[in-house]
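> structure for the following, please:
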Amino acid sequence: MSIKNKIKNFVKKKNLNPMNNRKKVGIILFATSIGLFFLFAVRLTYIVAVGKVAGVSLPEKTANLYQGSSVVKAKRGAILDRNGEVIAEDATSYSVYAILSESFVGEENKKLYAQKKDFQTLAEILARNTTISESEALGYLNGGVNEDGSVKYQVEFGSKGKNISIETKQKIEDELKEKNVYGLYFEDHPARIYPNGVFASHFIGYTDAADAEDESKGLVGMMGLEKSYNDILSGQDGKIDYEKDVYGSPLPGTVASEKQAVDGKDIYTTLDLRIQSRLESLLDPVMEEYKPEDMTAMLMEAKTGDIIAMSQRPSFNPETKEGLGKDDVWRNILVEDKFEPGSTMKLFTAAAAMQEGKFNPNATFVYPAGGYKLDDRTVNDHDFGAIGTLTFRQAISWSSNVGMLTLEQSMGGEKWKEYLEKFGFGKSTDSGLAGESPGMLPGDNWVDQAMSSFGQAVSVTNFQMMQAYTAIANDGSMTKPQYIKKIVDNDTGEEKVTQTQKVGEQIVTPQAASDIRTYMVDTVEDPTYGIAYDVYSVPGYHVAAKTGTAQITGENGYMEGLTDYTYSVVEMVPADNPEYILYLTMKKPQTYTRDALAKIANPLMKLVMESMDSEPDTDTTEAAK
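Predicted coordinates for the structure are as follows:
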């Protein structure tokens with residue numbers, strides 16, 4: 001055997017020795033342990049020195065385990081009427097659910113879950129106190145099974161199990177206690193209640209969850225006052241910091257800091273709950289009978305500009321949201337929609353002509369054969385001149401287009417346009433409500449300016465018309481419509497009272513305004529020349545009124561359907577010294593009768609004037625003292 005082979009055999013025998021292998025493994029394990037020990041020691045030293053693991057601060061993590069905080073929600077301010085009656089206020093609503101899991105037990109293994117033997121009793125309790133029927137409740141309870149056959153932890157009861165009031169919650173809990181059954185529980189949600197239902201809904205607006213996935217973030221205004229004054233109504237949330245135990249519960253007496261919540265401010269509107277409610281009840285049957293595209297109504301104190309009542313149709317319930325699904329419900333027509341007003345504009349034409357010395361009430365004008373020619377257009381009166389020769393006074397009560405054209409031409413188009421601007425048309429009333437339209441003045445061409453004298457080729461809003469009417473009612477002085485009486489800070493007691501706001505200069509003389517109101521009375525009291533004779537009335541008072549029937553522009557010019565008009569009426573009561581102005585519009589009804597708007601105006605104004613007469617005379621009362 002060669003020396004080389006002997007060496008190989010020796011090495012081979014050496015390696016097969018068990019003692020040698022154990023020594024090698026021991027050395028390797030010992031070296032590895034020493035290495036890991038030093039690595040751990042170095043890492044631990046780093047953690048202790050720096051205080052971070054994988055970028056996470058250990059002191060902060062420890063503090064988070066034992067430091068807690070909670071948000072203290074601010075109460076949203078209430079919206080009230082002028083007398084302090086609630087229109088909208090914060091509340092808490094609840095949703096009911098049933099826990100089915102047998103793991104939900106209390107002390108001494110007391111069964112707090114809904115047991116199958118109690119399902120019928122639970123269903124009866126829900127049926128008595130909510131709109132959930134027994135069969136529906138049993139369906140939810142018996143259906144609480146997963147696909148694999150296991151029992152669900154809990155079940156809810158659909159939309160009928162939501163928006164439960166605290167009173168209903170208490171009744172259910174009382175019955176559960178009385179019958180000694182368990183299983184039904186409640187989750188609270190922030191809510192906004194509107195106790196009057198459909199009540200100036202587009203003006204008041206509504207709220208919704210600020211974050212649909214996190215109701216703790218509260219409510220936010222979505223329309224009307226709720227949206228425009230959201231910052232004032234919302235207030236500011238507070239915060240409490242405290243120490244907590246290992247289970248996350250606050251430790252008594254460990255509040256470290258506290259930031260008080262600041263509740264939202266209350267808004268007192270100018271609305272009168274009683275009169276607003278009456279208006280709403282009058283609008284519904286008229287809407288049902290005539291089926292117009294829309295209707296509007298505004299009632300305002302003539303001297304202050306305070307809006308006592310206003311509404312529109314279609315409308316919605318801000319609490320249940322019923323009606324909001326319709327496309328035509330989202331707009332506040334009173335400020336967002338502009339429209340051609342028609343003959344109710346003639347009051348301003350006549351007033352401007354008086355101011356310019358161009359109006360003689362007893363003078364007559366000629367009705368041209370075939371109508372009044374305006375370039376390629378022909379303007380006629382509603383009777384095509386059949387009534388015969390009219391005076392300018394009669395032109396107002398008979399609502400003569402030709403009479404107004406004659407006055408406008410005598411003033412000149414540019415001068416008439418100046419008066420339109422003075423009366424506030426073509427610019428926003430700065431109402432503060434979202435989406436307000438500025439309307440549109442007639443163009444610079446003489447035809448549009450002439451047509452605007454009888455309310456065509458000019459676009460206005462309800463708020464603009466009401467503002468302009470105050471100039472006629474208040475002896476030539478124009479007042480801005482306002483809807484807020486005061487804003488109250490409940491924390492400080494501070495009140496911010498809204499003052500009456502005059503708009504611009506004296507537009508016409510007191511005599512001119514008074515004469516216009518006198519001629520308006522003819523509209524309802526003159527049996528020959530009153531276009532609305534014996535239609536509008538308020539017992540015990542003379543009514544100054546003017547009606548309007550305005551064509552509506554379509555894709556190919558003015559529509560020509562039998563009722564393709566915007567019908568309107570304005571009233572000022574009492575006529576000699578108006579306390580109130582009422583303005584109603586009805587757009588494109590399916591049918592129309594001359595007393596359609598009177599079915600709203602007459603009973604409403606009767607109530608309003610009776611209410612005014614029943615109010616104590618402050619000056620007399622003070623003198624008696």
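> quick check: pLDDT value at the most centrally placed residue in the chain.
Closest residue to the average C-alpha location of the chain: Gly205 at 1.0 Å, with C-alpha atoms, centre = their mean. With respect to pLDDT, Gly205 scores 95.
> wait, it sits on Val220?
No: the criterion here is C-beta atoms under 8 Å, and Gly205 misses it with Val220 at 10.7 Å. Bear in mind the C-beta positions are built from the backbone N, C-alpha and C, glycine included.
> all strands for the stretch 301-450 of the chain, in order.
For the stretch 301-450 of the chain, the strands defined by DSSP state E, counting those that start in this stretch occupy 307-313, 364-365, 372-374, 377-379, 390-391.
> and the ones you listed as CSV, adding distance to Thr566, mean neighbour count and mean pLDDT?
As requested, these are exported to CSV (distance: least, C-beta to C-beta, whole Å; neighbours: other C-beta atoms under 10 Å; pLDDT from 0 to 100):
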stretch, distance to Thr566, mean neighbour count, mean pLDDT
strand 307-313, 13, 24, 98
strand 364-365, 26, 16, 95
strand 372-374, 21, 15, 92
strand 377-379, 18, 14, 91
strand 390-391, 24, 20, 96
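> between the ones you listed, which one is closest to Gly325.
strand 307-313 (15.7 Å; C-beta to C-beta).
> could you export that closest one as CSV, CA atoms only?
Taking Å, rounded to 0.1, in the frame of the first residue of the first chain, the C-alpha atoms of strand 307-313 are listed here in CSV:
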residue,chain,number,x,y,z
ILE,A,307,-90.2,87.2,6.4
ILE,A,308,-93.1,85.7,8.4
ALA,A,309,-93.6,82.7,6.2
MET,A,310,-92.2,81.2,3.0
SER,A,311,-92.3,77.9,1.2
GLN,A,312,-92.4,76.2,-2.1
ARG,A,313,-93.7,73.1,-3.8
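> run the chain-centre distance for it.
13 Å (C-alpha atoms, centre = their mean, to the nearest Å).
> tell me which of the strands of the stretch 301-450 of the chain lies nearest to Asn109.
strand 307-313 (59.1 Å).
> ok so, going back, same list (the strands of the stretch 301-450 of the chain) but as a markdown table, adding distance to Glu615.
Shown next, in a markdown table, are those (distance: least, C-beta to C-beta, whole Å):
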| stretch | distance to Glu615 |
| --- | --- |
| strand 307-313 | 13 |
| strand 364-365 | 45 |
| strand 372-374 | 48 |
| strand 377-379 | 46 |
| strand 390-391 | 40 |
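> can you list the weak-confidence ranges in the stretch 501-625 of the chain?
616-625 (pLDDT under 70).
> shaky segments in the stretch 251-400 of the chain?
251-259, 327-328.
> for it, what spans make up the helices?
Here the stretch 251-400 of the chain has its helices, by DSSP state H, counting those that start in this stretch, at 273-290, 333-336, 346-355, 392-397.
> nearest to Thr429, of those?
Short answer: helix 333-336, nearest of these by C-beta to C-beta, at 7.9 Å.
> and that closest one, how far from the chain's centre?
For helix 333-336 - counting by C-alpha atoms, centre = their mean - the centre lies 13 Å from the chain centre.
> longest single strand anywhere in the chain?
The strand spanning the most residues in the chain, taking DSSP state E as the definition, is strand 86-99.
> in a markdown table: the helices of the stretch 251-400 of the chain, plus distance to Gly412 and mean neighbour count.
What follows is these, written out as a markdown table (distance: least, C-beta to C-beta, whole Å; neighbours: other C-beta atoms under 10 Å):
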| stretch | distance to Gly412 | mean neighbour count |
| --- | --- | --- |
| helix 273-290 | 40 | 18 |
| helix 333-336 | 32 | 22 |
| helix 346-355 | 11 | 25 |
| helix 392-397 | 17 | 25 |
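> make a markdown table from those and add distance to Ala309 to it.
A markdown table is the format used below for the helices of the stretch 251-400 of the chain (distance: least, C-beta to C-beta, whole Å):
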| stretch | distance to Ala309 |
| --- | --- |
| helix 273-290 | 4 |
| helix 333-336 | 12 |
| helix 346-355 | 22 |
| helix 392-397 | 27 |
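> report the buried residues of stretch 143-150.
Judged by neighbour count using 16 or more other C-beta atoms under 10 Å, the buried positions of stretch 143-150 are Gly144.
> export it as CSV, just CAs?
Extracted in CSV, the C-alpha atoms of stretch 143-150 (Å, rounded to 0.1, in the frame of the first residue of the first chain):
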residue,chain,number,x,y,z
GLY,A,143,-82.3,34.5,10.3
GLY,A,144,-79.2,35.2,12.4
VAL,A,145,-77.2,32.2,11.1
ASN,A,146,-74.0,32.3,9.0
GLU,A,147,-73.5,30.3,5.9
ASP,A,148,-71.5,27.6,7.8
GLY,A,149,-74.5,27.2,10.2
SER,A,150,-72.9,29.1,13.1
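> who's in contact with it?
Ala98, Leu100, Val151, Lys152, Gln154, Val155 (C-beta atoms under 8 Å, 6 or more residues apart in numbering).
> farthest-separated two in those?
Taking C-beta to C-beta, no two of the contacts of stretch 143-150 sit farther apart than Ala98 and Val151, at 11.3 Å.
> more neighbours: which of those two?
Using other C-beta atoms under 10 Å, the more surrounded residue of Ala98 and Val151 is Ala98, with 25 against 15.
> contact partners for the more buried one?
So Ala98 contacts Ala114, Leu122, Tyr140, Leu141, Gly144, Gln154, Val155, Phe157, Gly183, Leu184, Tyr185 (C-beta under 8 Å, 6+ apart).
> below-threshold pLDDT in the stretch 1-150 of the chain: ranges please.
1-26, 30, 35-72.
> which stretches in it count as strands?
Going by DSSP E, counting those that start in this stretch, the stretch 1-150 of the chain shows strands at 52-53, 56-57, 67-72, 79-80, 86-99.
> what angle do the last one and helix 273-290 make?
Interaxial angle, strand 86-99 versus helix 273-290 (axes from the mean of the first three to the mean of the last three C-alpha atoms, to 10 degrees): 80 degrees.
> so what pairs up with Lys587 in the strands?
Legend: beta-bridge partners of Lys587 under DSSP bridges are Asp294, Thr566.
> could you do Val379 as well?
Where Val379 sits in a bridge, its partners, by DSSP bridges, are Tyr372.
> quick check, Glu610 in a strand?
No: per DSSP: H, G, I helix; E, B strand; the rest coil, Glu610 lies outside any strand segment and is helix.
> just checking, Val538 touches Met572?
No: using C-beta under 8 Å, Val538 is not in contact with Met572, being 10.7 Å away.
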